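Trainee: everything below, folded, please.
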Amino acid sequence: MFNAQETDACRRLIKLAIDEDLGVEGDLTSRALIPADRTGKAVFISRASGTLAGVAAASLVFEAIDPRVIFRPILRDGEILVEASRIASVSGSLRSILAAERIALNFMQHLCAVATQTRRYVQAVAGISCQILDTRKTTPGWRLLEKYAVRCGGGSNHRMGLYGAILIKDNHLAGLRITDCGLRFAEAVRRAGEIHGGDVPIELEVEDLEQFDAAIACKPRIIMLDNMSLDELREAVRRRNHCGQQEVLLEASGGITLLNVRAVAETGVDRISIGALTHSVQALDIALEYLDE
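Mentor: Okay, the predicted model is just below:
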């Protein structure tokens, strides 16, 4: 379930969602057609297979709309969904249920999509000791929730934001205006270490094997191998192991798809970061079906 930070982030998003959907006047249709004292029951049902995430978000939506509505989870986040899986039930004021329905579904469908996509990648590298990681390519405002959904799908989180770790990329290095590759990496690591000490992990991004040799000489915590070929990835792993620096983690990134992720993992890299876990998912088909009382 959500931790305290994720709960706070979700509540902020729910307030925005309620404001844009209900506005000042509220649900005009339900007010016109549904008596104020009418109660009802409904159940969230998956119409497709996937991985569940967002039960806590849906519960918080109903709590925000009407705390008297009873929300009962049937499944837990991280569980596998099949077609017609019952996820949770709600009962109480029918007006309140109708007002919360679309908002709750939006949260659950999107978070399930992220978890389901992540699970596909995790399953694709099953049996290989390689982590599947997300990136910062998240929906603005949704980062904590999307990264939560990645964990529901069996993936791991990269840094939460720029504040979470040092990742020195090509544009940072360009700002140093040092032409020699080895000196450029060494100076970048020196400056980062001077400011932050050993408390913050340092990761270096490299684009070829020449840069890799310069980077590993600096002994960072992680080296990101950006858009390298399979042969280059294998060679980077060989060079890392040959110089006895297995404590330096190697992370493949760029151009990773479900079609090639296993081949990338088989090169021996320790981690694979994939923007597609969050930035291009398709909502999982989930419905709220009303029950006869």
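
Trainee: quick check: end-to-end length of stretch 239-247?
Mentor: For stretch 239-247, the separation between the terminal residues is 13 Å (C-alpha to C-alpha, to the nearest Å).

Trainee: can you list contacts of it?
Mentor: Leu209, Phe212, Asp213, Ile216, Lys219, Ile223, Val248, Leu250, Gly268 (C-beta atoms under 8 Å, 6 or more residues apart in numbering). All C-beta spots, glycine's among them, are computed from the backbone N, C-alpha and C.

Trainee: show me where the stretch 151-293 of the chain has strands.
Mentor: Taking DSSP state E, counting those that start in this stretch as the criterion, the stretch 151-293 of the chain carries its strands at 166-168, 202-206, 222-226, 249-253, 271-273, 286-291.

Trainee: just checking: what are the partner strands of the longest one?
Mentor: Strand 286-291 has the following sheet partners, assigned by DSSP bridges: strand 39-46 (antiparallel).

Trainee: pLDDT averaged over stretch 100-112 - what is it?
Mentor: For stretch 100-112, the mean per-residue pLDDT is 98.

Trainee: ugh, wrong one, I meant stretch 50-60
Mentor: For stretch 50-60, the per-residue pLDDT averages 98.

Trainee: what's the offset of that stretch from the middle of its chain?
Mentor: In terms of C-alpha atoms, centre = their mean, to the nearest Å, the centre of stretch 50-60 is set 14 Å apart from its chain centre.

Trainee: just to revisit the earlier point, could you work out the most separated pair of the contacts of stretch 239-247?
Mentor: Farthest-apart pair in the contacts of stretch 239-247 is Lys219 and Gly268; separation 19.0 Å (C-beta to C-beta).

Trainee: more neighbours: the two, which one.
Mentor: Just comparing Lys219 and Gly268: by other C-beta atoms under 10 Å the higher neighbour count belongs to Gly268, 18 against 12.

Trainee: what sits against the closest residue to Gln282 other than its chain neighbours?
Mentor: Nearest in space to Gln282, with sequence neighbours left out and distances taken as C-beta to C-beta, 6 or more residues apart in numbering, is Ala113 at 5.8 Å. When contacts are counted by C-beta under 8 Å, 6+ apart, Ala113 touches Gly50, Val281, Gln282, Ala283, Leu284.

Trainee: just the buried subset of those residues, written out for PyMOL, thanks.
Mentor: This is how PyMOL selects the buried members of the contacts of Ala113, with burial counted by 16 or more other C-beta atoms under 10 Å:
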select buried, resi 50+281+283+284
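
Trainee: turn the contacts of Ala113 into JSON lines, columns for distance to Glu20.
Mentor: What follows is those, written out as JSON lines (distance: C-beta to C-beta, whole Å):
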{"residue": "Gly50", "distance to Glu20": "26"}
{"residue": "Val281", "distance to Glu20": "22"}
{"residue": "Gln282", "distance to Glu20": "22"}
{"residue": "Ala283", "distance to Glu20": "18"}
{"residue": "Leu284", "distance to Glu20": "22"}
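
Trainee: about what we covered before: in which helix or strand would I find the residue nearest to Gln282?
Mentor: Using DSSP states H and E, Ala113 sits within helix 94-124.

Trainee: then Ile18?
Mentor: Remark: Ile18 resides in helix 4-22, with elements defined by DSSP H and E.

Trainee: tell me which other helices or strands that helix touches.
Mentor: helix 55-65, helix 94-124, helix 143-152 (3 or more C-beta pairs under 8 Å, 6 or more residues apart in numbering; DSSP states H and E).

Trainee: let's see that with 6 Å instead.
Mentor: Here helix 4-22 touches helix 55-65, helix 143-152, going by 3 or more C-beta pairs under 6 Å, 6 or more residues apart in numbering; DSSP states H and E.

Trainee: what about stretch 69-77, how long is it end to end?
Mentor: 21 Å.
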